[in-house]
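Chemist: could you look at this predicted model? Sequence included:
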Amino acid sequence: MNRHTLTIAIMLLLTAEFSGCTRPARGPVLSDGVGSPVEQKFLVNVDENGVALQGYDPVAYFTQKKPVRGESRFRSAYRGAIYHFASAEHKSMFDREPARYEPQFGGFCGYAASINKVSPISVEFWEVLDGRLVLQHNQKAWNLWHQDVPGNLKKADANWSGLVERYGL
């Protein structure tokens, strides 16, 4: 672990904004257009194996309207995270349009993002809002989020780039 990563981990633990069971994912190295490598920052809620959504199938939230555990034999990588799927069909759907199915706010809690923090999620607290998969940490976050869904979504969207800059690797 390098000094930068260690500093982030310590800061997150001290501020209680981040769960020790998740970690940010590193983005791919891209070109800056003149041949120099530039690492794109991502902030994705993944486990120690790089798996997002605790291994649940992101497509199932849209098609089956419920959290469904994925299988590691059906997997795809996108934006620094590995996603598992319940079927080859769901994997294919994701591979065609990954941005459509990826969880918002890097798979972190939507309410936490609305108050400029990051927090892990529980796969049972979710909804699809205007075609976007948004998850919450727990019942309390769900209730707070639902006090003003449009306002909280707007705040989370506004805060997200700063959170990626602050915590992304």
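Modeler: Perfect, I can see it now. Numbering: from 1, shown residues only.
Chemist: go ahead and confirm Phe85 touches Pro98.
Modeler: No: at 11.6 Å, Phe85 does not count as touching Pro98 under the criterion of CB atoms under 8 Å. Every residue, glycine included, has its C-beta placed from N, CA and C.
Chemist: which of these two has more neighbours?
Modeler: Between Phe85 and Pro98, Phe85 has the larger neighbour count (other CB atoms under 10 Å), namely 28 against 16.
Chemist: quick one on the thing from earlier: mutual contacts of Phe85 and Pro98, please.
Modeler: Common contacts of Phe85 and Pro98 (CB atoms under 8 Å, 6 or more residues apart in numbering): Ser76.
Chemist: pretty sure Lys66 sits in a helix.
Modeler: No: counting by DSSP: H, G, I helix; E, B strand; the rest coil, Lys66 is located in no helix; its state is coil.
Chemist: tell me the contacts of it?
Modeler: Per CB under 8 Å, 6+ apart, neighbours of Lys66: Ala60.
Chemist: just the C-alphas of the helix or strand where Tyr111 lies, formatted as CSV.
Modeler: Using DSSP states H and E, Tyr111 maps to helix 110-114. Extracted C-alpha coordinates of helix 110-114, given in CSV (Å, rounded to 0.1, in the frame of the first residue of the first chain):
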residue,chain,number,x,y,z
GLY,A,110,-26.9,8.0,-2.7
TYR,A,111,-27.9,9.7,0.5
ALA,A,112,-24.3,9.9,1.7
ALA,A,113,-23.3,11.5,-1.6
SER,A,114,-26.1,14.1,-1.1
